[in-house]
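Student: sharing a model that was predicted from the sequence below.
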Amino acid sequence: MAISISNTAAQHVAGQLADRGHGIGIRVGVKTTGCSGMAYVLEFVDKIEVGDQVFEEQGVKIIVDPKSLAYIDGTEMDFVKQGVNEGFEFKNPNAKGECGCGESFSI
């Protein structure tokens, strides 16, 4: 079970953590919402909780709770810029479909 992060995403997260001035990594999780049922949730992590899985890649810690890991195991997180838009993009092998706006996915 693992989550991976692209070089571009790792650089972005490291920069955001440096700008923030504290934190040990980024939490990647899911919540029930949207047209297709689930959406990704990202937040800075200051403390690792009991049961959290920690993946470190390219000097960045990715923290995932056990419930979310079941839905996002094998996912690659990337950071993309398209014109004036930028944001994280997830390549999730478990996703069976996405809503039209790309904000949520189904398993």
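Tutor: The structure has been received and is ready for your questions.
Student: now stretch 68-84: buried residues?
Tutor: 68-69, 71-72, 75, 77-79 (16 or more other Cβ atoms under 10 Å). All C-beta spots, glycine's among them, are computed from the backbone N, C-alpha and C.
Student: and of those, the nearest to V60?
Tutor: M77 (9.7 Å; Cβ to Cβ).
Student: what residues are up against that closest one?
Tutor: Counting by Cβ atoms under 8 Å, 6 or more residues apart in numbering, M77 touches 3-6, 9, 28, 62, 88-90.
Student: out of the residues you listed, which are buried?
Tutor: 3-6, 9, 28, 62, 88-90.
Student: want to throw these into TSV with pLDDT and secondary structure?
Tutor: Formatted as TSV, those follow (pLDDT from 0 to 100; DSSP: H, G, I helix; E, B strand; the rest coil):
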residue	pLDDT	secondary structure
I3	89	coil
S4	92	strand
I5	93	strand
S6	94	coil
A9	95	helix
V28	92	strand
I62	95	strand
F88	89	strand
E89	88	strand
F90	88	strand
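Student: returning to that earlier point: looking at the buried residues of stretch 68-84, spot the one nearest G37.
Tutor: For those, the nearest to G37 is Y71 (10.0 Å; Cβ to Cβ).
Student: A helix includes that closest one, no?
Tutor: Yes. In this structure, Y71 lies within a helix as judged by DSSP: H, G, I helix; E, B strand; the rest coil.
Student: ok, for it, nearest residue in space, not its chain neighbours?
Tutor: V30 (5.0 Å; Cβ to Cβ, 6 or more residues apart in numbering).
Student: quick check: what element follows the helix or strand containing that neighbour along the chain?
Tutor: Using DSSP states H and E, V30 falls within strand 25-33. Scanning forward in sequence from strand 25-33 by DSSP H and E, the next helix or strand is strand 37-45.
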